[in-house]
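Novice: Next come a sequence and a model predicted from it.
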Number of protein chains: 2
Amino acid sequence: MRTSIATVSLSGSLTEKLTAASRAGFDGVEIFENDLLASPLRPEEIRARCGGLGLGIDLYQPMRDIEAVPEEEFARNLRRARHKFELMRRLGVDTVLVCSSVSPLAVDDDALAAEQLSRLADLAQGFGIRVAYEALAWGRHVSTYDHAWHVVETADHPALGTCLDSFHILSRGTDPKGIEDIPGEKIFFLQLADAPLLAMDVLQWSRHYRCFPGQGGFDVAGLVRHVLRAGYAGPLSLEVFNDVFRQAEAGPTAVDAQRSLLVLQEAVGLADLPAPVVPTGVAFAELVTPDAEPVSEVLGALGFTRAARHRSKPVDLWQAGEARVLVNTGPAARREGTGLAAIGLESPDPAGAARRAEALLAPVLPRRRASEDAPLDAVAAPDGTELFFCATGRPQQPDWRCDFKDVEHAGPATGGVRRIDHLALVQPWHHFDEATLFHRSVLGLSAQESVDVADPYGLLRSRAVTDADGSVRIALTVGAAPADDTVHAQHIALATDDVVAAARRYREAGGLLLPMPANYYDDLAARFEFSEGELEAYRELGILYDRDRYGEFRHCYTRTVGRVFFELVQRDGGYRGYGAQNAPVRLAAQHAARRLTGG
Amino acid sequence: MRTSIATVSLSGSLTEKLTAASRAGFDGVEIFENDLLASPLRPEEIRARCGGLGLGIDLYQPMRDIEAVPEEEFARNLRRARHKFELMRRLGVDTVLVCSSVSPLAVDDDALAAEQLSRLADLAQGFGIRVAYEALAWGRHVSTYDHAWHVVETADHPALGTCLDSFHILSRGTDPKGIEDIPGEKIFFLQLADAPLLAMDVLQWSRHYRCFPGQGGFDVAGLVRHVLRAGYAGPLSLEVFNDVFRQAEAGPTAVDAQRSLLVLQEAVGLADLPAPVVPTGVAFAELVTPDAEPVSEVLGALGFTRAARHRSKPVDLWQAGEARVLVNTGPAARREGTGLAAIGLESPDPAGAARRAEALLAPVLPRRRASEDAPLDAVAAPDGTELFFCATGRPQQPDWRCDFKDVEHAGPATGGVRRIDHLALVQPWHHFDEATLFHRSVLGLSAQESVDVADPYGLLRSRAVTDADGSVRIALTVGAAPADDTVHAQHIALATDDVVAAARRYREAGGLLLPMPANYYDDLAARFEFSEGELEAYRELGILYDRDRYGEFRHCYTRTVGRVFFELVQRDGGYRGYGAQNAPVRLAAQHAARRLTGG
């Protein structure tokens, strides 16, 4: 189906919005009146610009407070409408959105509303225009889709139909099943938005917190199924009012928006995308660094051994159990200083995984093609992290390990690290919802609940995405405001069976553990009972403790190198979290450590 | 009365919070448990630090989910409490806050709750500690202050009292009058917070949107009166959970907090501050600039004449009607480039106005004391703007005009500018509520409703403060996020009786008007009926139009010089606004102009 987006959903000038919508692959736009008013382009120029960009103009919106008013007021409304219809003719758009009135002048009289809307439609028809009447959730007298349809049905005018908006319907908890009773050709337009499930004033909720389908808590796909069953064949159009999107760069937001529509179309059977290929493990994490020494020291102390070296590039492979960390000192100046640049994900079908990612608008990275390099499928995540789809040690699949030559006489790993437990990625401020949708839809991972984490200098928001059995866990975190605070680094969490032993070995090997405040341990003593010596060991090593209804979690942290640090974790009895309860203490300790080192 | 603040209300490490509270003049603090847990200081060291800063520790908080639970669970709770009481002894604090339970284990049994709280109080008493039991607005079984008091009364234990929290009481709309029925000595603590009137989930409202008394919509002073009538004599303590304050610098937030308590104490008759002296007009606006030429050109074209020059400093006085603009090219490198640095306010009692400002913690600026300078009372507003309290041309009062020597043969002003209509000041991101409270309490101005304004690159929030007859109008605006966007400049709006004539003269004198898009005028034609030629004049000159139920507003803009621009306004028939309806169009035009000039 046609995809469209309202210009109000994107940031910037009208031309910036149009360009972003076109580049992201939308077929059309809804022109939001305020965007037109503020544009220096005349309607004819906007029409030409859209044409040049391959965009249709699917809707002009909104007209407000038209119907069910005293005749004198309605005459003024018709006068206003005539001006707008003339404008629409110049713009080349044939459908206008009329929102149910919120005017104090409006009366509760469906017959009058129908009669006046019919007269408006008469006028519109003369301009070749159709009127799509929509119930605002906070409309004065008409606030539900079935009520709006009743008014339209009563008016019975060929140029008058209804517009359905998923936010206005689902925010009120109305059952959308009745949509199927509306004749499809009378549904003139369909606007789609999701929203987080907030208990708040619906007007504020609508104006500030909408998001793209799949990013909130509404069953938008379910609603679309009803609309399709009714026989609707018009565009799927996004109309999202969101304070964050208003500030974010229009380009990435438009891609995010289009991705959400692709996923939605797949869900309702309108699009046939390559099936998701859920990763089954983490093959490696790749650090780029201008100086391998500090990272190598930490890895060495953690019990990793330098197992192999890339055949043609300055990349070392460090390994401990099934945990692999690549240390890349090549000209990968993509990031400043030391940082986590790439993740290798074990995939049952790397090429299929890449095809799905590409279909969902993830930038595909050039396959590494040095003389001996194995071809590797890779895409970029919204935060710039490169995701490689790998088949480690599987016959009939190119193996990235073949590019590496084993280092002779590398000793065995010693630290008790078994595998990578999870990766924690800091997301750009404006793109938290986008990141979640990306990891869910592209990788087929499931998102856990979003949690607030109190950093001493502001609230962070964190949300994990995982596969069913926890083989792949990625924690996405975003700050409360844009900041260059290097405390909020990426990190790699390493699974051990005995974190006390692992921490002790790390320290004995010269590793520095992040010290935790004594008061934290006094509190643990108040909250839990520990076996003899247990708490003392945690206190000595800076190990944090948490418990959920499934099991227990013990974890500690290395110092930070550049923009990355490591965590040693022991996850017992099916514990599902990431120690979020302890994060404020850990963050405060990292701020304190940074103040000490001036880092 | 004693003033106190919960550490959770301020940003940073515990020691940063304590330092800020002390510097702002608080007598004590509530130690929020998480702040203690994350601190590297041991309880004894925190106690000593507070002592050194002159701060008492008035409360340790919170203990949760204590009461009305099965005996086995309660035994665990007592064990936990004993640990906390030992900690409190080390900390030297004698009151603990216990919040009504939200635990799924809690039962609806007041007798059991009273019995268990009584046993808790027994244990506390042995440590010399008092237990203050508070109803959370979302408590599982106890959620109102009178219910909490009923439980406390039933328990009838000398070490058990109640804690009242204005948010928990007022957010539920409970009538606070019944507080007077509680014996004052059984009110162990009083926590104060205000909040904007939002229709939302009370837990989210409480955790993210609280603000200081006088900054929200609650009648906190009314509640405090009831508490005082009950005979309460403990501290007035602020407990504010606010996402913005969590990120803001602790120092200014603590000053803001203390100011709110001063104003509150004045309102309830506990503090005798110098009375507010409401300004009666704008004496001048002062621009600092490294180069007087560009500003002088604009002023000249607006019909200002260079009327006088400061006797000892490089400051010119430009005048048109009663509008005066000082152009200061001295070493006032306080701001980069050209900006609005100071405002002169006509005051019936300049010294009295300064005394009130000082009593409300506004930094007092050194009086200008050059050889011939008239003494001028001045303070700094939270955004750094200097406010001078002036008595222009009034006998028996020092007149700032005496410092200026008239320029001979200055021609008469020509542009039709009568006076300064309003000043628009951009506020630092974190300090919007603070700015409003400052202007209301220090200057005695009234705040109008806050409005959202859609800039193409994000939502702005704007709120005007005025005196009763509109002689002094200041519009405060804040962006949606920190940004160095110079479009969001300060501006000076100049009142004229005929904005068309004024704009035309300005243009004829070589002034550049900000061009407005043609689409805007098409929309005006749709919305309003104008007299012959009226709209054409607006279109030609870039004049914007608005109407409210009182009157009409016409306004246009000069180009921006550095960080400041001018507006010509014609306000008829008692129009009360500032053309906020037109602001999105104006902001888009300014962005477009900036792109053109690369500014």
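Specialist: The structure has been received and is ready for your questions.
Novice: A:Pro62 is in contact with A:Lys84, correct?
Specialist: No. Contact criterion CB atoms under 8 Å: A:Lys84 and A:Pro62 do not qualify, at 10.3 Å. (C-beta placed from N, C-alpha, C; glycine too.)
Novice: Show me the strands in the stretch 101-250 of chain A, by range?
Specialist: When secondary structure is read from DSSP state E, counting those that start in this stretch, the stretch 101-250 of chain A shows strands at A:130-134, A:160-165, A:187-192, A:236-238.
Novice: could I get these as JSON lines with mean neighbour count and distance to chain B?
Specialist: Listed next are the strands of the stretch 101-250 of chain A as JSON lines, based on neighbours: other CB atoms under 10 Å in any protein chain shown; distance: least, CB to the nearest CB, whole Å:
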{"stretch": "strand A:130-134", "mean neighbour count": "25", "distance to chain B": "16"}
{"stretch": "strand A:160-165", "mean neighbour count": "26", "distance to chain B": "20"}
{"stretch": "strand A:187-192", "mean neighbour count": "26", "distance to chain B": "19"}
{"stretch": "strand A:236-238", "mean neighbour count": "28", "distance to chain B": "18"}
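Novice: Make CSV from the ones you listed and add mean pLDDT to it.
Specialist: Listed next are the strands of the stretch 101-250 of chain A as CSV, based on pLDDT from 0 to 100:
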stretch, mean pLDDT
strand A:130-134, 98
strand A:160-165, 98
strand A:187-192, 98
strand A:236-238, 98
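Novice: In a markdown table: those, plus distance to A:Gly217.
Specialist: What follows is the strands of the stretch 101-250 of chain A, written out as a markdown table (distance: least, CB to CB, whole Å):
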| stretch | distance to A:Gly217 |
| --- | --- |
| strand A:130-134 | 22 |
| strand A:160-165 | 16 |
| strand A:187-192 | 14 |
| strand A:236-238 | 17 |
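Novice: what residues does stretch A:35-55 touch?
Specialist: Identification of contacts with stretch A:35-55 by CB atoms under 8 Å, 6 or more residues apart in numbering or on different chains yields A:7-8, A:13-15, A:17-19, A:21-22, A:26-29, A:31, A:56-57, A:87, A:90-92, B:456, B:515, B:517-520, B:523, B:584-585, B:587-589, B:592.
Novice: Can you tell me how far A:Val295 is from chain B?
Specialist: 27 Å (CB to the nearest CB, to the nearest Å).
Novice: And for A:Leu273?
Specialist: A:Leu273 sits 33 Å away from chain B, going by CB to the nearest CB.
Novice: burial of that residue, as a residue count?
Specialist: 15 (other CB atoms under 10 Å in any protein chain shown).
Novice: do the same with A:Arg473
Specialist: 22.
Novice: if I look at it, how far off is A:Ser446?
Specialist: From A:Arg473 over to A:Ser446 the distance is 11 Å, taken as CB to CB, to the nearest Å.
Novice: Overlap in contacts, these two.
Specialist: Common neighbours of A:Arg473 and A:Ser446 (CB under 8 Å, 6+ apart) are A:465-466.
Novice: Spit out the contact partners of the closest residue to chain B within the stretch 351-500 of chain A.
Specialist: Closest to chain B within the stretch 351-500 of chain A is A:Gly458: 3.8 Å, counting by CB to the nearest CB. By CB under 8 Å, 6+ apart, A:Gly458 lies in contact with A:479-481, A:483, B:11, B:243, B:246-247.
Novice: hey, what's it bridged with?
Specialist: Beta-bridge partners of A:Gly458, counted by DSSP bridges, are A:Asp455.
Novice: For it, give me the pLDDT.
Specialist: At A:Gly458, the pLDDT value in this model is 90.
Novice: Same question for the one 3 residues further on.
Specialist: According to the prediction, A:Arg461 has pLDDT 92.
Novice: That one should be in a helix, yeah?
Specialist: No. Read with DSSP: H, G, I helix; E, B strand; the rest coil, A:Arg461 is strand and lies in no helix.
Novice: burial count for it?
Specialist: Counted with other CB under 10 Å, the burial measure for A:Arg461 works out to 15 neighbours.
Novice: That one - nearest residue in space that isn't next to it in sequence?
Specialist: Here the nearest residue to A:Arg461 in space, its sequence neighbours aside, is A:Val478; by CB to CB, 6 or more residues apart in numbering or on different chains that works out to 5.3 Å.
Novice: which residue is nearest the centroid of chain A?
Specialist: A:Glu434 (2.0 Å; CA atoms, centre = their mean).
Novice: Now do the contacts for it.
Specialist: A:215, A:252-253, A:256, A:382.
Novice: From the contacts of stretch A:35-55, which land in helices?
Specialist: A:14-15, A:17-19, A:21-22, A:87, A:90-91, B:518-520, B:523, B:584-585, B:587-589, B:592 (DSSP state H).
Novice: who in the stretch 351-500 of chain A is up against chain B?
Specialist: A:429, A:452, A:454, A:456-459, A:480-482 (CB under 8 Å from any CB of the partner chain).
Novice: Make sure A:Val295 is indeed in a helix.
Specialist: Yes. Secondary structure of A:Val295 (three-state DSSP): part of a helix.
Novice: burial measure for it, as a count.
Specialist: A:Val295 has 22 neighbouring residues, counting by other CB under 10 Å.
Novice: In this structure it contacts A:Ala285, no?
Specialist: No. Taking contacts as CB under 8 Å, A:Val295 lies outside contact range of A:Ala285: 11.3 Å.
Novice: And the buried ones among the contacts of stretch A:35-55, selectable in PyMOL?
Specialist: Restricted to buried positions by 16 or more other CB atoms under 10 Å in any protein chain shown, the PyMOL selection for the contacts of stretch A:35-55 reads:
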select buried, (chain A and resi 7+8+13+14+15+17+18+19+21+22+26+27+28+29+31+56+57+87+91) or (chain B and resi 456+517+519+520+523+584+585+587+588+589+592)
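Novice: pLDDT for the contacts of A:Glu434 - can I get that in JSON lines?
Specialist: Formatted as JSON lines, these follow (pLDDT from 0 to 100):
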{"residue": "A:Gln215", "pLDDT": "95"}
{"residue": "A:Pro252", "pLDDT": "95"}
{"residue": "A:Thr253", "pLDDT": "96"}
{"residue": "A:Asp256", "pLDDT": "97"}
{"residue": "A:Pro382", "pLDDT": "92"}
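Novice: out of those, which one sits closest to chain B?
Specialist: The closest of the contacts of A:Glu434, once distances to chain B are taken by CB to the nearest CB, is A:Thr253, at 12.2 Å.
Novice: dump the residue contacts of the closest one.
Specialist: A:9-11, A:20, A:245, A:430, A:434.
Novice: What sits closest to A:Val224 if chain neighbours are left out?
Specialist: A:Val268 (5.0 Å).
Novice: Then A:Ala592?
Specialist: Per CB to CB, 6+ apart, closest to A:Ala592 is B:Pro40, 6.0 Å.
Novice: Assign that neighbour to helix, strand or coil.
Specialist: Reduced to three states by three-state DSSP, B:Pro40 is coil.
Novice: Tell me the confidence at it?
Specialist: The predicted local confidence for B:Pro40 is 96.
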